[in-house]
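In: take this sequence and fold it.
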Amino acid sequence: MPELRKDPVTGRWVIIASDRAKRPKSFIISKAPKQTGPCPFCPGNEGMTPEEISAIRPAGGAPNSTEWSMRVVPNKYPALRIEGGLDRKGEGMFDKMNGIGAHEVIIESPDHDKSIADLDENQVADIIKAYKYRTHDLERDARFRYVLIFRNHGPSAGASLDHAHSQIIALPIVPKRVQEEIRGAKQYFEYKERCVFCDMMSEELAAGKRVVLENDEFVVISPFAARFPFETWLLPKKHSSDFAQMPDESVGKCASALKDVLSRTKQVLDDPPYNFIVHTAPVHEHHENEYHWHIEIMPRLTHVAGFEWGSGFYINPTPPEEAAEFLRTITS
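Out: The predicted structure follows:
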(Lines give C-alpha, C1' and ligand atoms only; values in the text may rest on other atoms or scores of the structure.)
Protein backbone atom coordinates (compact mmCIF):
# COMPACT_ATOMS: atom_id res chain seq x y z
CA MET A 1 0.00 0.00 0.00
CA PRO A 2 1.47 3.43 -0.93
CA GLU A 3 1.99 5.90 1.91
CA LEU A 4 1.77 9.66 2.11
CA ARG A 5 4.49 10.98 4.44
CA LYS A 6 4.86 14.53 5.70
CA ASP A 7 8.25 16.20 6.01
CA PRO A 8 8.43 17.42 9.64
CA VAL A 9 10.47 20.50 8.65
CA THR A 10 8.78 21.95 5.57
CA GLY A 11 5.37 20.27 5.81
CA ARG A 12 5.79 18.94 2.26
CA TRP A 13 4.05 15.64 1.50
CA VAL A 14 5.78 12.77 -0.32
CA ILE A 15 4.32 9.60 -1.81
CA ILE A 16 6.27 6.47 -0.84
CA ALA A 17 5.15 4.14 -3.63
CA SER A 18 5.94 0.87 -1.87
CA ASP A 19 3.87 -1.10 -4.40
CA ARG A 20 6.41 0.05 -7.03
CA ALA A 21 9.34 -0.70 -4.70
CA LYS A 22 12.67 -0.71 -6.47
CA ARG A 23 15.88 -2.36 -5.34
CA PRO A 24 19.24 -0.85 -6.32
CA LYS A 25 19.69 -3.04 -9.40
CA SER A 26 16.22 -2.06 -10.65
CA PHE A 27 17.38 1.45 -11.52
CA ILE A 28 18.70 1.66 -15.06
CA ILE A 29 21.36 4.34 -15.08
CA SER A 30 22.80 5.06 -18.50
CA LYS A 31 26.48 5.97 -18.42
CA ALA A 32 27.46 8.99 -20.45
CA PRO A 33 30.47 8.59 -22.75
CA LYS A 34 33.72 10.02 -21.46
CA GLN A 35 34.44 13.54 -22.64
CA THR A 36 37.24 14.02 -25.14
CA GLY A 37 39.67 16.88 -25.60
CA PRO A 38 41.74 18.77 -23.06
CA CYS A 39 40.26 19.11 -19.56
CA PRO A 40 40.60 22.64 -18.12
CA PHE A 41 40.72 21.22 -14.59
CA CYS A 42 43.65 18.84 -15.16
CA PRO A 43 47.22 19.74 -14.14
CA GLY A 44 49.08 21.49 -16.94
CA ASN A 45 45.92 23.24 -18.14
CA GLU A 46 45.81 25.91 -15.46
CA GLY A 47 45.79 28.58 -18.17
CA MET A 48 42.37 27.34 -19.30
CA THR A 49 40.74 28.54 -16.05
CA PRO A 50 40.46 32.06 -14.65
CA GLU A 51 43.19 33.14 -12.20
CA GLU A 52 42.91 30.97 -9.12
CA ILE A 53 41.53 32.29 -5.84
CA SER A 54 43.47 29.82 -3.72
CA ALA A 55 45.16 26.44 -3.96
CA ILE A 56 46.92 23.78 -1.91
CA ARG A 57 50.44 23.08 -3.15
CA PRO A 58 52.20 20.74 -0.69
CA ALA A 59 55.55 21.30 -2.41
CA GLY A 60 55.05 25.04 -2.81
CA GLY A 61 54.98 26.89 -6.12
CA ALA A 62 53.58 30.00 -7.73
CA PRO A 63 49.83 30.61 -8.16
CA ASN A 64 48.35 29.01 -11.29
CA SER A 65 51.29 26.61 -11.61
CA THR A 66 51.13 22.81 -11.55
CA GLU A 67 51.80 20.46 -8.60
CA TRP A 68 48.62 21.27 -6.66
CA SER A 69 46.27 19.01 -4.72
CA MET A 70 43.22 21.32 -4.87
CA ARG A 71 42.38 24.62 -6.56
CA VAL A 72 39.61 27.22 -6.17
CA VAL A 73 38.90 29.33 -9.26
CA PRO A 74 36.12 31.65 -10.44
CA ASN A 75 33.64 29.93 -12.74
CA LYS A 76 34.54 30.79 -16.31
CA TYR A 77 30.85 31.06 -17.19
CA PRO A 78 29.30 32.41 -13.98
CA ALA A 79 25.58 32.34 -13.29
CA LEU A 80 25.97 35.71 -11.52
CA ARG A 81 28.54 38.51 -11.80
CA ILE A 82 30.39 39.99 -8.85
CA GLU A 83 30.84 43.49 -10.29
CA GLY A 84 28.24 46.22 -9.77
CA GLY A 85 25.31 47.09 -7.54
CA LEU A 86 22.00 45.31 -7.05
CA ASP A 87 19.91 48.24 -8.37
CA ARG A 88 16.60 46.82 -7.12
CA LYS A 89 13.63 48.27 -8.96
CA GLY A 90 10.07 47.64 -9.92
CA GLU A 91 8.58 47.32 -13.37
CA GLY A 92 4.90 47.77 -12.75
CA MET A 93 3.92 44.91 -10.43
CA PHE A 94 7.17 43.04 -11.19
CA ASP A 95 10.43 43.20 -9.21
CA LYS A 96 13.93 42.80 -10.53
CA MET A 97 17.59 43.49 -9.73
CA ASN A 98 20.96 43.06 -11.35
CA GLY A 99 22.37 39.53 -11.41
CA ILE A 100 24.98 40.21 -8.76
CA GLY A 101 26.70 37.34 -6.96
CA ALA A 102 29.80 35.18 -6.97
CA HIS A 103 30.31 31.82 -8.66
CA GLU A 104 33.36 29.70 -7.81
CA VAL A 105 34.59 26.20 -8.56
CA ILE A 106 36.51 23.92 -6.18
CA ILE A 107 38.64 21.53 -8.26
CA GLU A 108 38.79 18.72 -5.73
CA SER A 109 41.76 16.72 -6.97
CA PRO A 110 44.36 16.74 -9.77
CA ASP A 111 43.22 13.20 -10.66
CA HIS A 112 40.68 13.48 -13.47
CA ASP A 113 38.84 10.27 -12.59
CA LYS A 114 38.69 10.47 -8.79
CA SER A 115 35.61 11.68 -6.96
CA ILE A 116 35.09 12.36 -3.23
CA ALA A 117 34.20 8.71 -2.71
CA ASP A 118 37.67 7.75 -4.02
CA LEU A 119 39.79 10.30 -2.14
CA ASP A 120 41.37 9.75 1.25
CA GLU A 121 39.83 11.43 4.28
CA ASN A 122 42.54 14.11 4.47
CA GLN A 123 41.79 15.19 0.92
CA VAL A 124 38.04 15.31 1.68
CA ALA A 125 38.81 17.35 4.81
CA ASP A 126 40.73 19.84 2.63
CA ILE A 127 37.64 20.20 0.43
CA ILE A 128 35.43 20.91 3.45
CA LYS A 129 37.97 23.43 4.74
CA ALA A 130 37.83 25.15 1.34
CA TYR A 131 34.02 25.30 1.60
CA LYS A 132 34.36 26.96 5.01
CA TYR A 133 37.11 29.38 3.97
CA ARG A 134 35.33 30.53 0.84
CA THR A 135 32.02 30.90 2.69
CA HIS A 136 33.66 33.10 5.34
CA ASP A 137 35.24 35.26 2.64
CA LEU A 138 32.04 35.69 0.61
CA GLU A 139 29.98 36.48 3.72
CA ARG A 140 32.01 39.67 4.14
CA ASP A 141 30.32 41.12 1.06
CA ALA A 142 27.28 43.08 2.30
CA ARG A 143 25.42 42.42 -0.96
CA PHE A 144 25.21 38.67 -0.34
CA ARG A 145 22.52 37.08 1.81
CA TYR A 146 23.20 33.40 1.14
CA VAL A 147 26.16 31.20 0.19
CA LEU A 148 25.15 27.93 -1.46
CA ILE A 149 27.63 25.05 -1.72
CA PHE A 150 26.69 22.23 -4.06
CA ARG A 151 28.09 19.39 -6.11
CA ASN A 152 26.81 17.90 -9.38
CA HIS A 153 28.15 14.43 -10.15
CA GLY A 154 27.48 13.08 -13.63
CA PRO A 155 26.03 14.78 -16.73
CA SER A 156 22.41 13.96 -15.86
CA ALA A 157 22.95 15.69 -12.50
CA GLY A 158 24.17 18.84 -14.23
CA ALA A 159 27.94 18.32 -14.30
CA SER A 160 29.32 19.91 -17.47
CA LEU A 161 32.82 18.46 -16.95
CA ASP A 162 33.86 14.94 -15.89
CA HIS A 163 36.67 16.17 -13.65
CA ALA A 164 35.50 16.13 -10.02
CA HIS A 165 34.52 19.57 -8.74
CA SER A 166 32.13 21.38 -6.42
CA GLN A 167 30.66 24.86 -6.78
CA ILE A 168 29.84 27.81 -4.55
CA ILE A 169 27.36 30.53 -5.49
CA ALA A 170 26.83 33.62 -3.33
CA LEU A 171 23.35 35.10 -3.76
CA PRO A 172 21.74 38.45 -2.97
CA ILE A 173 18.57 36.62 -1.87
CA VAL A 174 17.80 33.62 0.35
CA PRO A 175 16.63 30.63 -1.77
CA LYS A 176 12.96 29.69 -1.41
CA ARG A 177 13.83 26.11 -0.39
CA VAL A 178 15.94 27.40 2.51
CA GLN A 179 13.24 29.88 3.50
CA GLU A 180 10.75 27.00 3.70
CA GLU A 181 13.08 25.06 5.99
CA ILE A 182 13.70 28.05 8.22
CA ARG A 183 9.99 28.86 8.42
CA GLY A 184 9.14 25.28 9.38
CA ALA A 185 11.99 25.04 11.89
CA LYS A 186 10.99 28.35 13.47
CA GLN A 187 7.35 27.29 13.84
CA TYR A 188 8.45 24.03 15.47
CA PHE A 189 10.79 25.86 17.84
CA GLU A 190 8.14 28.39 18.82
CA TYR A 191 5.77 25.55 19.69
CA LYS A 192 8.18 23.11 21.40
CA GLU A 193 11.25 25.24 22.19
CA ARG A 194 13.41 22.56 20.55
CA CYS A 195 15.15 22.18 17.20
CA VAL A 196 13.16 20.03 14.77
CA PHE A 197 16.36 18.63 13.27
CA CYS A 198 17.71 17.65 16.70
CA ASP A 199 14.41 15.95 17.52
CA MET A 200 14.50 14.17 14.17
CA MET A 201 18.02 12.89 14.86
CA SER A 202 17.06 11.68 18.33
CA GLU A 203 14.08 9.82 16.89
CA GLU A 204 16.13 8.26 14.10
CA LEU A 205 19.01 7.22 16.35
CA ALA A 206 16.59 5.62 18.80
CA ALA A 207 14.73 3.70 16.06
CA GLY A 208 17.83 2.91 13.97
CA LYS A 209 15.96 1.77 10.87
CA ARG A 210 16.73 4.85 8.76
CA VAL A 211 20.25 5.43 10.09
CA VAL A 212 22.90 4.73 7.47
CA LEU A 213 26.02 5.47 9.55
CA GLU A 214 27.26 7.58 12.42
CA ASN A 215 30.44 8.58 14.18
CA ASP A 216 31.12 10.62 17.32
CA GLU A 217 29.99 13.90 15.77
CA PHE A 218 27.87 13.20 12.67
CA VAL A 219 25.00 10.99 11.58
CA VAL A 220 23.71 10.10 8.10
CA ILE A 221 20.05 9.18 7.74
CA SER A 222 17.63 8.35 4.98
CA PRO A 223 14.92 10.90 5.86
CA PHE A 224 11.40 9.75 6.81
CA ALA A 225 9.83 11.68 3.92
CA ALA A 226 12.63 11.17 1.40
CA ARG A 227 11.78 12.78 -1.95
CA PHE A 228 14.10 10.57 -3.96
CA PRO A 229 15.22 6.93 -3.76
CA PHE A 230 18.40 6.61 -1.68
CA GLU A 231 18.29 10.27 -0.61
CA THR A 232 20.42 10.79 2.51
CA TRP A 233 21.09 13.65 4.92
CA LEU A 234 24.31 14.25 6.83
CA LEU A 235 23.81 16.20 10.08
CA PRO A 236 26.09 17.28 12.94
CA LYS A 237 24.97 15.69 16.21
CA LYS A 238 25.74 18.88 18.13
CA HIS A 239 23.26 21.63 17.31
CA SER A 240 24.66 24.25 14.94
CA SER A 241 22.95 26.54 12.45
CA ASP A 242 26.00 27.67 10.47
CA PHE A 243 28.11 25.25 8.43
CA ALA A 244 30.99 27.72 8.19
CA GLN A 245 31.24 27.83 12.00
CA MET A 246 32.06 24.11 12.19
CA PRO A 247 35.07 23.79 14.50
CA ASP A 248 38.28 22.85 12.72
CA GLU A 249 38.62 19.81 14.97
CA SER A 250 35.25 18.51 13.64
CA VAL A 251 36.19 18.73 9.95
CA GLY A 252 37.86 15.30 9.96
CA LYS A 253 34.75 13.59 11.32
CA CYS A 254 32.58 15.39 8.77
CA ALA A 255 34.95 14.34 5.99
CA SER A 256 34.85 10.73 7.19
CA ALA A 257 31.03 10.64 7.20
CA LEU A 258 30.73 12.35 3.81
CA LYS A 259 33.27 10.08 2.13
CA ASP A 260 31.66 7.03 3.75
CA VAL A 261 28.10 7.72 2.58
CA LEU A 262 29.23 8.68 -0.95
CA SER A 263 31.34 5.52 -1.14
CA ARG A 264 28.38 3.39 -0.05
CA THR A 265 26.11 5.12 -2.55
CA LYS A 266 28.65 4.55 -5.32
CA GLN A 267 28.90 0.83 -4.52
CA VAL A 268 25.19 0.16 -4.02
CA LEU A 269 24.03 2.08 -7.11
CA ASP A 270 27.05 1.60 -9.43
CA ASP A 271 28.30 5.20 -9.28
CA PRO A 272 25.01 7.03 -9.91
CA PRO A 273 24.68 10.67 -10.88
CA TYR A 274 23.84 12.74 -7.80
CA ASN A 275 23.62 16.21 -6.36
CA PHE A 276 24.58 17.24 -2.89
CA ILE A 277 23.72 20.56 -1.30
CA VAL A 278 24.87 22.19 1.93
CA HIS A 279 21.94 23.90 3.63
CA THR A 280 23.08 26.45 6.21
CA ALA A 281 21.68 29.56 7.86
CA PRO A 282 21.54 32.74 5.74
CA VAL A 283 24.24 35.39 6.11
CA HIS A 284 23.71 37.85 8.97
CA GLU A 285 20.41 36.28 10.04
CA HIS A 286 20.00 34.92 13.54
CA HIS A 287 18.61 31.40 13.52
CA GLU A 288 21.01 29.85 16.03
CA ASN A 289 18.29 28.18 18.11
CA GLU A 290 15.90 26.79 15.52
CA TYR A 291 17.93 25.99 12.39
CA HIS A 292 20.41 23.12 11.95
CA TRP A 293 22.81 22.92 9.01
CA HIS A 294 22.96 19.69 7.01
CA ILE A 295 24.05 18.20 3.70
CA GLU A 296 21.38 16.67 1.44
CA ILE A 297 22.61 13.97 -0.98
CA MET A 298 20.20 13.11 -3.80
CA PRO A 299 20.99 10.38 -6.36
CA ARG A 300 19.38 11.10 -9.72
CA LEU A 301 17.57 7.79 -10.26
CA THR A 302 14.05 8.94 -11.21
CA HIS A 303 12.62 11.73 -13.32
CA VAL A 304 10.52 14.64 -12.14
CA ALA A 305 7.52 14.68 -14.48
CA GLY A 306 4.07 16.23 -14.88
CA PHE A 307 2.58 15.03 -11.60
CA GLU A 308 5.51 16.33 -9.56
CA TRP A 309 5.60 19.68 -11.34
CA GLY A 310 1.85 20.09 -11.12
CA SER A 311 1.35 18.98 -7.52
CA GLY A 312 4.61 19.72 -5.74
CA PHE A 313 4.54 16.10 -4.50
CA TYR A 314 7.40 13.70 -5.11
CA ILE A 315 6.95 9.98 -5.77
CA ASN A 316 9.67 7.83 -4.23
CA PRO A 317 9.62 4.15 -5.28
CA THR A 318 12.12 3.03 -2.62
CA PRO A 319 11.05 3.33 1.03
CA PRO A 320 13.80 5.10 2.99
CA GLU A 321 13.96 2.21 5.47
CA GLU A 322 14.95 -0.15 2.65
CA ALA A 323 17.40 2.35 1.17
CA ALA A 324 19.07 2.82 4.56
CA GLU A 325 19.38 -0.94 5.01
CA PHE A 326 21.05 -1.38 1.61
CA LEU A 327 23.50 1.44 2.37
CA ARG A 328 24.07 0.37 5.97
CA THR A 329 24.90 -3.24 5.29
CA ILE A 330 27.46 -2.69 2.54
CA THR A 331 31.13 -2.31 3.49
CA SER A 332 32.28 1.16 2.55
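
In: could you use CA atoms for every contact and neighbour count after this?
Out: OK.

In: which stretches in the stretch 51-200 of the chain count as strands?
Out: Remark: strands assigned in the stretch 51-200 of the chain by DSSP state E, counting those that start in this stretch are 54-56, 70-74, 89-91, 94-96, 102-107, 146-153, 165-171.

In: listing request: residues of the stretch 51-200 of the chain with sub-threshold pLDDT.
Out: For the stretch 51-200 of the chain, not a single residue meets the criterion pLDDT under 70.

In: in stretch 9-18, what's buried?
Out: Going by neighbour count (16 or more other C-alpha atoms under 10 Å), the buried part of stretch 9-18 is 9, 10, 13, 14, 15, 16, 17.

In: nearest to residue 225, out of those residues: which one, please.
Out: Using C-alpha to C-alpha, the shortest approach to residue 225 within these belongs to residue 14, at 6.0 Å.

In: how about residue 220, secondary structure?
Out: strand (DSSP: H, G, I helix; E, B strand; the rest coil).

In: isn't it right next to residue 232, touching?
Out: Yes: under the criterion of C-alpha atoms under 8 Å, residue 220 makes contact with residue 232 at 6.5 Å.

In: can you show me the helices along the stretch 51-200 of the chain?
Out: Ranges of helices in the stretch 51-200 of the chain, per DSSP state H, counting those that start in this stretch, are 121-139, 176-192, 196-207.

In: find the nearest non-adjacent residue to residue 323, please.
Out: Excluding its sequence neighbours, the residue lying closest to residue 323 (C-alpha to C-alpha, 6 or more residues apart in numbering) is residue 230, at 5.2 Å.

In: how near is the one you found to residue 247?
Out: Per C-alpha to C-alpha, to the nearest Å, residue 230 is found 29 Å from residue 247.

In: one step back: any chance of the buried residues of stretch 9-18 in JSON lines, plus distance to residue 103?
Out: Converted to JSON lines, those look like this (distance: C-alpha to C-alpha, whole Å):
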{"residue": "9", "distance to residue 103": "29"}
{"residue": "10", "distance to residue 103": "28"}
{"residue": "13", "distance to residue 103": "32"}
{"residue": "14", "distance to residue 103": "32"}
{"residue": "15", "distance to residue 103": "35"}
{"residue": "16", "distance to residue 103": "36"}
{"residue": "17", "distance to residue 103": "38"}
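
In: helix, strand, or coil at the residue nearest the centre of the chain?
Out: Geometric centre of the chain, nearest residue: residue 277, 1.7 Å, by C-alpha atoms, centre = their mean. Following three-state DSSP, the label given to residue 277 is strand.

In: skip the chain neighbours and tell me the closest residue to it.
Out: With C-alpha to C-alpha, 6+ apart, the residue lying closest to residue 277 is residue 150, at 4.4 Å.

In: again with residue 258
Out: Nearest residue to residue 258 in three dimensions, chain neighbours excluded: residue 234, at 7.3 Å (C-alpha to C-alpha, 6+ apart).

In: same deal with residue 244?
Out: Residue 244's closest residue in space is residue 132 (C-alpha to C-alpha, 6+ apart), at 4.7 Å.

In: my read: that neighbour touches residue 242, true?
Out: No: assessed by C-alpha under 8 Å, residue 132 is found out of contact with residue 242, at 10.0 Å.

In: pLDDT weak spots in the stretch 201-332 of the chain?
Out: 332.

In: can you show me the helices along it?
Out: Here the stretch 201-332 of the chain has its helices, by DSSP H, counting those that start in this stretch, at 251-269, 306-311, 320-329.

In: pipe these into a markdown table and attach mean neighbour count per row.
Out: Listed next are the helices of the stretch 201-332 of the chain as a markdown table, based on neighbours: other C-alpha atoms under 10 Å:
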| stretch | mean neighbour count |
| --- | --- |
| helix 251-269 | 21 |
| helix 306-311 | 10 |
| helix 320-329 | 21 |
